[in-house]
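Trainee: The amino acid sequence is not available; the structure is as follows:
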């Protein structure tokens, strides 16, 4: 039998808690966010700890559900957006830029390696074409005269 979803249990504690935080934010003049915050983002771990203090059915390892369950994430994100915070799962601009720079650098290195490999392959192909032309000329000479012509390259 399937294990029952934890989402309704968390939501039952989360919704009143978010309403309380929203009311406190409005009473405070909408200046300071009331959601737990770290670096302008919602601190999910602190949020789960606050919920665990309210109800023993919520434990700290339920933090993962706020990232994986859209119902929980969207409820918190709605309040976070009103309070001017970055949403759950969003990357800060600096982190996103660093990731983009790292990816560009990696792709640039790969492209450089590919250019080098392509240049080496073109050189090999050119040498093979010259050898092929030389062998065709030797074959033509053999067919015309019946004599084998020795070339200067030894194998």
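Mentor: All right, it came through fine. Being a predicted model, the structure only gives us computed values, none of them experimental. Numbers count the residues shown, from 1 in each chain.

Trainee: Would you point out which residue is most central in this protein?
Mentor: The centroid of the chain falls nearest to residue 99 when counting by C-alpha atoms, centre = their mean (8.0 Å).

Trainee: Can I take it that it is in a strand?
Mentor: No - with the criterion set as DSSP: H, G, I helix; E, B strand; the rest coil, the secondary structure at residue 99 is helix rather than a strand.

Trainee: Now do the same for it: its pLDDT.
Mentor: pLDDT, residue 99: 75.

Trainee: Repeat that for residue 53.
Mentor: Looking at residue 53, its pLDDT is 92.

Trainee: Can you check my assumption that it lies in a strand?
Mentor: No - according to three-state DSSP, the state of residue 53 is helix, so it is not within a strand.

Trainee: how close does it get to residue 27?
Mentor: 21 Å (C-beta to C-beta, to the nearest Å). Bear in mind the C-beta positions are built from the backbone N, C-alpha and C, glycine included.

Trainee: which SS state does the closest residue to residue 54 other than its chain neighbours fall under?
Mentor: With sequence-adjacent residues excluded and distances taken as C-beta to C-beta, 6 or more residues apart in numbering, residue 54 is closest to residue 13, at 5.6 Å. Three-state assignment for residue 13 (three-state DSSP): helix.

Trainee: how much space is there between residue 13 and residue 25?
Mentor: In this structure, residue 13 and residue 25 are 19 Å apart, going by C-beta to C-beta.

Trainee: Tell me where this structure is predicted with low confidence.
Mentor: For the chain, applying pLDDT under 70 flags the ranges 91-96, 148-155.

Trainee: ranges for the helices of it?
Mentor: According to DSSP state H, the chain carries its helices in the segments 7-27, 44-54, 63-68, 70-82, 93-145.

Trainee: Now the phi/psi pair for residue 39, please.
Mentor: For residue 39, the backbone dihedrals (degrees, to the nearest 10) come out as phi 50, psi 40.

Trainee: I appreciate the help and will end here.
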